[in-house]
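J.: Compute the structure for the input listed below.
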Amino acid sequence: MHSRQARIIARKLVQSLSNDQGTTIEALPNPTAIHDITDALLDVILVRQGIEVPSSEEQFIQLINVKLGAIAAKLETQIAIELSHAGTQGSADAIVTKLFDELPAILDLTEGDIGAAIAGDPAARSPAYVRLSYPGIFAITVYRIAHVILHLGCPLIARILTEYAHEKTGIDIHPGATIGKRFFIDHGTGVVIGETSVIGDDVAIYQGVTLGAQSFPRKPDGSFDLTKKRHPTIGNRVKIYADAAILGKEKVADGSIVGSGTRLILKEDIPANTVIIPEKQVMRMKTGK
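T.: Residues are numbered from 1 along each chain as shown. Coordinates of the predicted model:
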């Protein structure tokens, strides 16, 4: 019934989906499957499905083991597809093993992020409250998983992970960013952290914050030079309040505060313990008289 439309659509897609010889449509990772894998990994690290029935430690160990086994099988399939698509040599099984080897360290970082939320937000009732309901913790944990996957050679899957977190939370963290310990995003909607951003330890940012690029370096042929840093470095113990935008590759040094609504275009490093606030704005009110 729809064969004519199917043929037209397929032929239009073939040009971008076929291999160099134009004879075979290459397999691509499945974002929906990767979203399911992400949820399953978060169920392990954040216990997102909760624990509805009390269990012993040994029972809990067995439960986690079963969950990891199911994740491994699905993730290996998607990684193998990406490696084949990119023409990259490597073993999907070895990559999953290395990722799982990193999960305890990711869990330690996540526990630190949860602690930072409790220390920084008077509304945070308990670790469980933060673990199960804070969008910032969701997005940061997905980023931490994606960052490892990126460096294991799967940039497409890593980006699908962080875009899933972006879709769910409104927080956009590129998997290539480097983020330290005890990171806290309060509220979070509209946060953007670019690919070459570097964030130190004990940093807190609020909704609407952008760590962006001032310019995009290019090679002589006009293509982007992806080896150059283009996003800010944020030192330790920095606070960046709501709707601030920091653009450029220089550093905001340790202990600094960037006030709400600041538009900061970095031309040089900002010294430690600097307080940056936008110029005072005049508010005008008009009554109905």
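J.: When you work out contacts or count neighbours from here on, use the C-alpha atoms and nothing else.
T.: Noted.
J.: Could I get the full set of helices for the protein?
T.: 3-17, 31-45, 57-86, 92-120, 127-133, 135-151, 155-169 (DSSP state H).
J.: hey, C-alpha coordinates of the last one in PDB?
T.: Extracted C-alpha coordinates of helix 155-169, given in PDB (Å, rounded to 0.1, in the frame of the first residue of the first chain):
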ATOM      1  CA  PRO A 155      31.800   8.500  21.200                       C
ATOM      2  CA  LEU A 156      28.400   7.900  19.500                       C
ATOM      3  CA  ILE A 157      27.000   5.800  22.400                       C
ATOM      4  CA  ALA A 158      28.500   8.200  24.900                       C
ATOM      5  CA  ARG A 159      26.700  11.100  23.200                       C
ATOM      6  CA  ILE A 160      23.400   9.200  23.000                       C
ATOM      7  CA  LEU A 161      23.700   8.700  26.800                       C
ATOM      8  CA  THR A 162      24.200  12.300  27.600                       C
ATOM      9  CA  GLU A 163      21.500  13.500  25.200                       C
ATOM     10  CA  TYR A 164      19.100  11.100  26.900                       C
ATOM     11  CA  ALA A 165      19.900  12.800  30.200                       C
ATOM     12  CA  HIS A 166      19.500  16.200  28.400                       C
ATOM     13  CA  GLU A 167      16.000  15.100  27.200                       C
ATOM     14  CA  LYS A 168      15.000  13.900  30.700                       C
ATOM     15  CA  THR A 169      16.400  16.800  32.800                       C
END
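J.: If F224 is in a bridge, with which residues?
T.: In this structure, F224 bridges to R218 when assessed by DSSP bridges.
J.: and the gap between it and I37?
T.: With the distance defined as CA to CA, to the nearest Å, F224 ends up 32 Å from I37.
J.: any chance of the helices of the chain in CSV, with mean neighbour count, distance to A244 and mean pLDDT too?
T.: Below are the helices of the chain laid out as CSV (neighbours: other CA atoms under 10 Å; distance: least, CA to CA, whole Å; pLDDT from 0 to 100):
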stretch, mean neighbour count, distance to A244, mean pLDDT
helix 3-17, 11, 39, 84
helix 31-45, 18, 29, 97
helix 57-86, 15, 36, 95
helix 92-120, 18, 18, 97
helix 127-133, 16, 24, 95
helix 135-151, 23, 17, 98
helix 155-169, 21, 19, 98
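J.: Can you lay out those as JSON lines showing distance to A242?
T.: Listed next are those as JSON lines, based on distance: least, CA to CA, whole Å:
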{"stretch": "helix 3-17", "distance to A242": "41"}
{"stretch": "helix 31-45", "distance to A242": "27"}
{"stretch": "helix 57-86", "distance to A242": "37"}
{"stretch": "helix 92-120", "distance to A242": "15"}
{"stretch": "helix 127-133", "distance to A242": "20"}
{"stretch": "helix 135-151", "distance to A242": "14"}
{"stretch": "helix 155-169", "distance to A242": "16"}
